[in-house]
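1. Just the structure for this:
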Amino acid sequence: MSESLRPVYLAGTGRFLPPEILTNVEMFAIPSVRNAFDVERARGSLRGIEPEEAAGLAPEEVFDRWAIQLTGIEERRILPDLPDASTEAMHVAAGDAALAHAGMDASELDLLLSATLTAREDVPNAACTIADGLGRPDLPGYVMNAACSGFLHALASAYAFVTSGAADTVLVTVGDSLTRITNWDDPKVAVLFGDGAGAAVVTSKPSPGRILATPVLDGEYSPDHLNVTGLGWGDPLGQEHKLSMAGGANVLRNAVRSMQVVADRALERASLGWDDVDVVVPHQANERITQGLEKVLQLQNGRVLHRIARIGNLSASTVPIVLDELLRGEHGTLTDPTRIVLTAVGGGYASGAAVMEWSPPAG
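-> Have a look, this model is predicted:
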């Protein structure tokens, strides 16, 4: 690396999750979900339960067990249908939390980078709306869409701005209101997604966190397993504007492989190996995927974090949300420093990974 490139620090993180919780049992009460769900077929597919016990389960209990078996998800957060509730508002809340964690004010920011696929408005640019909500309507910024790997793509962009000297402090915000584009007629899709946002402050100023090498980004064109048609194309009221998915074992294996490959490359850039890693924060796509990654990496004893049960798949924001929990001590006491691998893969496929370390502030 050229000596002219500056080190890049992570000063703080933040998150926002809507207070409203939707459990699997409550989801089954939604008519479109209930009408599309084959209770008896699902009852017969349940594992780890005796046939007599399965026969005695109520339909909503079958749905709950089926959803957990399929995804690991028990509940998710739902953004309310209120005038001031929006994806952009969630970004603002997460950004405010990250600035507070960093001990910074929005006046210190040079740039805002956001990732989302569910902005309430295409114009103005959502980053402009978020900046205004942060009290910095003059703050330049832009939005990117890399689906579930959006945080890693935005983090890589922030890293480039800071290490090159083009910016001193960059706020990254990511988040989605996925329940607004969920196909509630497809239970396999409906059980997966929730709403939320995460954020991080990336800076040239020495801070508790440091990104140890340039983040790795990768791509593999595959439009089939996850698709949403953009506004202005197709039938404006058609189902193509809702999330559609084609899952299966191949998707699961590809997700595990992609997250491992980019994480391996990120560690190589940082001149580290898996024995040097304390914690892995993967995209919470499906618990079978995070468990598969844990198995492939042979990292046990809580070194791979699994949080999908309580938050669901939140697209780009799962990584910063779980990272924020980790850095605030919600997953146990951290070593000094704690070396962390962030890795994600999303629709497209777009993937990314980064290696960082965090030294908990004294006191």
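
2. Where does pLDDT dip in the protein?
-> Counting by pLDDT under 70, the chain has low-confidence residues at 1-4, 223-229, 231-232, 236-249, 363.

3. Pairing partners for the longest strand belonging to it, with directions?
-> Ranked by number of residues, the top strand in the chain under DSSP state E is strand 348-358. Sheet pairing of strand 348-358 (DSSP bridges) gives strand 209-211 (antiparallel), strand 216-222 (antiparallel), strand 338-346 (antiparallel).

4. Using PDB, list the CA coordinates for the last one.
-> When you say that, I think you mean strand 338-346. Written as PDB, here are the backbone C-alpha positions of strand 338-346 (Å, rounded to 0.1, in the frame of the first residue of the first chain):
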ATOM      1  CA  THR A 338     -11.300  -7.700  19.100                       C
ATOM      2  CA  ARG A 339     -10.700  -8.700  15.500                       C
ATOM      3  CA  ILE A 340     -13.900  -8.900  13.500                       C
ATOM      4  CA  VAL A 341     -14.800 -10.200  10.000                       C
ATOM      5  CA  LEU A 342     -17.800  -8.700   8.300                       C
ATOM      6  CA  THR A 343     -19.200 -10.600   5.300                       C
ATOM      7  CA  ALA A 344     -22.400 -10.600   3.300                       C
ATOM      8  CA  VAL A 345     -23.900 -11.800   0.100                       C
ATOM      9  CA  GLY A 346     -27.100 -10.500  -1.500                       C
END
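
5. Tell me the spacing between residue 295 and residue 341.
-> 16 Å (CB to CB, to the nearest Å). The way it works is simple: take the backbone N, C-alpha and C, and place the C-beta from them, glycine included.

6. More neighbours: those two, which one.
-> residue 341 (28 against 12; other CB atoms under 10 Å).

7. Quick check: that one vs residue 45, distance?
-> Residue 341 sits 34 Å away from residue 45, going by CB to CB.

8. quick one: the strands in this protein?
-> Under DSSP E, the chain gives strands at 8-16, 21-23, 75-77, 111-115, 141-144, 169-177, 195-203, 209-211, 216-222, 226-227, 244-245, 279-282, 338-346, 348-358.

9. correct me, but residue 112 touches residue 171?
-> Yes: between residue 112 and residue 171 a contact is recorded at 5.2 Å, counting by CB atoms under 8 Å.

10. So these two - more neighbours on which side?
-> Neighbours per residue (other CB under 10 Å) separate residue 112 from residue 171, with residue 171 holding more: 37 against 28.

11. beta partners of the more buried one?
-> Residue 171 forms beta bridges with residue 112, residue 201, as assigned by DSSP bridges.

12. Same check on the one 5 residues further on?
-> Beta-bridge pairing of residue 176, defined through DSSP bridges, involves residue 196.

13. Also residue 355?
-> residue 341.

14. Contact partners for it?
-> Listed by CB atoms under 8 Å, 6 or more residues apart in numbering, the contact partners of residue 355 are 211-213, 266-267, 269-270, 272, 277, 339-342.

15. could I get these as JSON lines with distance to residue 83?
-> Formatted as JSON lines, these follow (distance: CB to CB, whole Å):
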{"residue": "211", "distance to residue 83": "38"}
{"residue": "212", "distance to residue 83": "43"}
{"residue": "213", "distance to residue 83": "44"}
{"residue": "266", "distance to residue 83": "42"}
{"residue": "267", "distance to residue 83": "46"}
{"residue": "269", "distance to residue 83": "45"}
{"residue": "270", "distance to residue 83": "45"}
{"residue": "272", "distance to residue 83": "48"}
{"residue": "277", "distance to residue 83": "45"}
{"residue": "339", "distance to residue 83": "44"}
{"residue": "340", "distance to residue 83": "38"}
{"residue": "341", "distance to residue 83": "40"}
{"residue": "342", "distance to residue 83": "35"}
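
16. All good on my end, thank you.
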